[in-house]
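In: below are the sequence and a predicted model; questions follow.
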Amino acid sequence: MKQKKLKILMPTLREKERYIAFKVISEEGEEFTYSDLESAIWNTMLDFLGEEGVSKTSFWLLKDCWDQKKQIGILRCNHKSIQDIVASLGLIDRLGDNRITFKILKISGTIKSIKSSTSKKG
Amino acid sequence: MNLYDFHVHPEFSEGESSIEEIANRAKLLGYKGICFTTYLDDKNKIKKTKEIVSKLSKKIGIDIFIGFEARNASELERLIKLRRNYDVLLVKGSDLLLNRKAVQTKEVDILTHPEYNRKDSGFNHVMAKLAFENDTAIEVNFREILNSSKNTRANIMHRIKNNVELCKKYKSPIIICSGAVTYWQLKDPKVLMSMGCLLGLELNEAKKAISEIPENIIKMIKERQDEKWIRPGVKVVR
């Protein structure tokens, strides 16, 4: 049986989302997979913000937007927790044995505009 | 908006990365300028460092400043005497008397991490007032937070928050720096701004802490290196 879908909320009741495009800068030749990155970000955020803190951010790392060649990705959060997410990204300095740093490319309210700007920058 | 990081240690200081690596990374991250911080071991170091840095600044295309960090009172006095020869004077915080002396001295630009290695915040309302009067910026050091974890990080952040609150109340300038010792510790300006926000600053104050406050210091550097300048508050008019 097909599961019934929820009725869509009115725009005023919906959570205001923000998309953050970032680039992973690593030592030469290093390419990270989506799962490497996802676990590193989640672990750091849970350490830094705690479970309750992360729950407030509505954080999500978009799998289909991760470009492994360019090492560019997009994550989603709500508009009140941009600072928490960006500060947490800054606290990630290692991914496995490799040293990394994050460059924030753009913060936007729509995925369409962020995708177009990252494709230009990448 | 021009963004600056005024506390970076290269390999000729206590750092691990070369000045080229750091300058290239700073440019990649979008900084307009950085300040290489070192310690005064001998007088010739100032001249040598200046030569190397001016060549690199032209080559890479970002502003590079030279800063000297005083670790104790005697070093601070030596550096004050040579004040005209270099750009930025920083004082390494932690000792209470030195913190107090730093905010009392007009020549000092930045008091770095006053809460470093302490069980209290190392900074009080009297110092905050003095910092405002003498235009000494109080540093929020990102490396301190980055290199710690769990309860230590929580304690450090608590102390920094206390200092930020005092600075906001007494309108003392706050500057956010990476305090990097390797080029991997240089962080995106947005990361520094966000950390500033988590530590109690408003977004516009955090932006000011990495752009306007360093720009004010640069203005002072130019004024100080002018021939008419004699000492803080005194210059030749005619």
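Out: In hand now; what should we look at?
In: distance of the closest residue in space to A:Ser108 that isn't next to it in sequence relative to B:Asn134?
Out: Distances taken as C-beta to C-beta, 6 or more residues apart in numbering or on different chains place A:Ile114 nearest to A:Ser108, at 4.2 Å, with adjacent residues excluded. For every residue, glycine as well, the C-beta is placed using N, CA and C. Computed as C-beta to C-beta, to the nearest Å, the A:Ile114 to B:Asn134 distance reads 44 Å.
In: and what of B:Glu205?
Out: According to C-beta to C-beta, B:Glu205 stands 20 Å off from B:Asn134.
In: neighbour count winner among these two?
Out: Taking neighbours as other C-beta atoms under 10 Å in any protein chain shown, B:Glu205 and B:Asn134 compare with B:Glu205 leading, 19 against 16.
In: in the helix or strand encompassing the more buried one, what counts as buried?
Out: Following DSSP states H and E, one finds B:Glu205 within helix B:203-210. When neighbours are counted by 16 or more other C-beta atoms under 10 Å in any protein chain shown, the buried residues of helix B:203-210 are found to be B:205-210.
In: and the closest residue to A:Thr57 other than its chain neighbours, what is it in contact with?
Out: For A:Thr57, the nearest residue in space outside its immediate sequence neighbours is A:Ser81; the separation is 3.8 Å by C-beta to C-beta, 6+ apart. Under the criterion of C-beta atoms under 8 Å, 6 or more residues apart in numbering or on different chains, the neighbours of A:Ser81 are A:56-59.
In: just the ones of the residues you listed in helices?
Out: Here DSSP state H is the test, and those give A:56-57 as lying in helices.
In: quick one: which of the contacts of A:Ser81 is nearest to B:Arg224?
Out: Nearest to B:Arg224 among these: A:Thr57, at 45.0 Å, using C-beta to C-beta.
In: that closest one and A:Ile111, how far apart?
Out: Distance, A:Thr57 to A:Ile111, by C-beta to C-beta: 17 Å.
In: compare the two (neighbour count), which wins?
Out: Between A:Thr57 and A:Ile111, counting by other C-beta under 10 Å, A:Thr57 is the more crowded of the two (19 against 15).
In: my read: that one touches A:Val86, true?
Out: No - using C-beta atoms under 8 Å, A:Thr57 makes no contact with A:Val86, being 10.9 Å away.
In: point out where the chain drops to low pLDDT.
Out: Using chain A here. For chain A, applying pLDDT under 70 flags the ranges A:121-122.
In: near chain B, which residues of it?
Out: Within chain A, the positions lying close to chain B (C-beta under 8 Å from any C-beta of the partner chain) are A:25, A:47-48, A:82-87, A:89-91, A:93, A:99-104, A:107.
In: now with 7 Å?
Out: The interface of chain A toward chain B, taken as C-beta under 7 Å from any C-beta of the partner chain, is made up of A:83-84, A:86-87, A:89-91, A:93, A:99, A:101-104.
In: picking up where we left off before, of the buried residues of helix B:203-210, closest to B:Ile62?
Out: So of the buried residues of helix B:203-210, ranked by how close each gets to B:Ile62 (C-beta to C-beta), first place is B:Ile210, at 14.5 Å.
In: separation between the closest one and chain A?
Out: Computed as C-beta to the nearest C-beta, to the nearest Å, the B:Ile210 to chain A distance reads 13 Å.
In: can you give me how far stretch A:112-122 is from the chain middle?
Out: On the basis of C-alpha atoms, centre = their mean, to the nearest Å, stretch A:112-122 is displaced by 15 Å from the centre of the chain it belongs to.
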